[in-house]
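>>> with the sequence up front, the predicted model follows.
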Amino acid sequence: MAENKRTFLEELQEAKSHSYAVGAFNIFNHLSARAVVRAAEELGLPVILQTSVVTVKEFGTVQLGAMLRQLAEEASVNVLIHLDHCQDVELAKACVDAGWDAVMYDGSRLSLEENIAGCREVVEYAHRKGVQVEGELGRIVGVEDALKVSAEDASLAGLEDSIRFVRESGIDAFAPAIGTAHGVYKGRPKINFDLVAQLKEALAAPVVIHGGTGLSEETFRRLICSGGAKVNVSTAIKHAYLDTCRDYFKDAPAKPDPIGFDRILSHAIEQTVKDHMIIFTKDRA
Ligand code: 13P
């Protein structure tokens, strides 16, 4: 799938104009990445392999980039590689150099001006190499690997600031804090669907929804119909992996069959990814 494939931005624009969302699933090793690709191939849908900063540092930028590029090149569907929540401009640039299709610069803890400046620096570097950039405004509550935002520090994005942020930073995809959360929801989230719809109208840049784990089918479909063109799912993938490990060792202790075990883990992730992708494309026009 190396030739003539759509870019990250083209894939999100296509989703935006046809009322569906591209799933972005956080992977943490080769098995999870391959399982996400297999799920996408089974459904014949494009997919985003998303990497946290923790995963990048664990593998090394060049090694992880090479591993994921090979999976993407061999896939029968469009597989895009994206860096999630990177607060470090230099690491974002290193991922651009190592073959990522898109990177997220997360300056959401900074002032609006500093966030814009950080995004601009990454945008100028990335665009020269045909790589796209996602930015965040407001602060999304919860835990995403090493990134922790408490309820007191969380804040939602506003319409005027969002429009200014996207225009002045030059980002390609926009992740506003809209009331969704990273990790497991403790209650029913209060989501600003209207902001998503207003941003869809006001901006050319597609809107990204963070905090996919635990949202209901109804919420996903409402968010996507309102304009969410990329939906991030991380915790659900980790749970599919770890809960399956726990159950396996509870039911079948010490069976010397690591490949069989990996197949079971892979299947659990594939199923979780497919369940989400089916919902993300249900209202495709
Ligand atoms: P969840 O862990 O809640 O699925 O959030 C994923 C995410 O938004 C990654 O940026």
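Structure's in. What do you need?

>>> give me the residues contacting stretch 29-40.
Around stretch 29-40, the neighbours that count as contacts under C-beta atoms under 8 Å, 6 or more residues apart in numbering are 23, 25, 27, 46-47, 49, 67-68, 71-72, 75, 77, 79, 237, 241, 262, 265-267, 269-271, 273-274, 277. Yep, even glycine has a C-beta here, placed from its N, CA and C like the rest.

>>> next one: stretch 189-198
For stretch 189-198, with C-beta under 8 Å, 6+ apart as the criterion, the contacting residues are 156-157, 159, 162, 176, 178-181, 207, 209, 211, 215, 219, 222-223, 226-228.

>>> show the end-to-end separation of it, please.
The first and final residues of stretch 189-198 sit 19 Å from each other (C-alpha to C-alpha, to the nearest Å).

>>> and it, anywhere near the ligand?
No: contact of stretch 189-198 with the ligand (C-beta under 6 Å from any ligand atom) is absent, the minimum separation being 10.3 Å.

>>> could you give me the average pLDDT of that stretch?
With pLDDT averaged residue by residue, stretch 189-198 scores 94.

>>> who in this protein is up against the ligand?
Residues of the chain found near the ligand (C-beta under 6 Å from any ligand atom) are 26, 84-85, 144, 182-183, 210-213, 232-236.

>>> and these, which are buried?
26, 84-85, 144, 182-183, 210-213, 232-236 (16 or more other C-beta atoms under 10 Å).

>>> and the closest residue to Gly99 other than its chain neighbours, what is it in contact with?
Among residues not flanking Gly99 along the chain, Gly65 sits closest, at 4.2 Å (C-beta to C-beta, 6 or more residues apart in numbering). Taking C-beta under 8 Å, 6+ apart as the definition of contact, the neighbours of Gly65 are Ile81, Cys95, Ala98, Gly99, Trp100.

>>> from the ligand, how far off is the third one?
Computed as C-beta to the nearest ligand atom, to the nearest Å, the Ala98 to the ligand distance reads 20 Å.

>>> so that residue touches Thr61, yeah?
Yes: with contact defined as C-beta atoms under 8 Å, Ala98 reaches Thr61; the gap is 4.6 Å.
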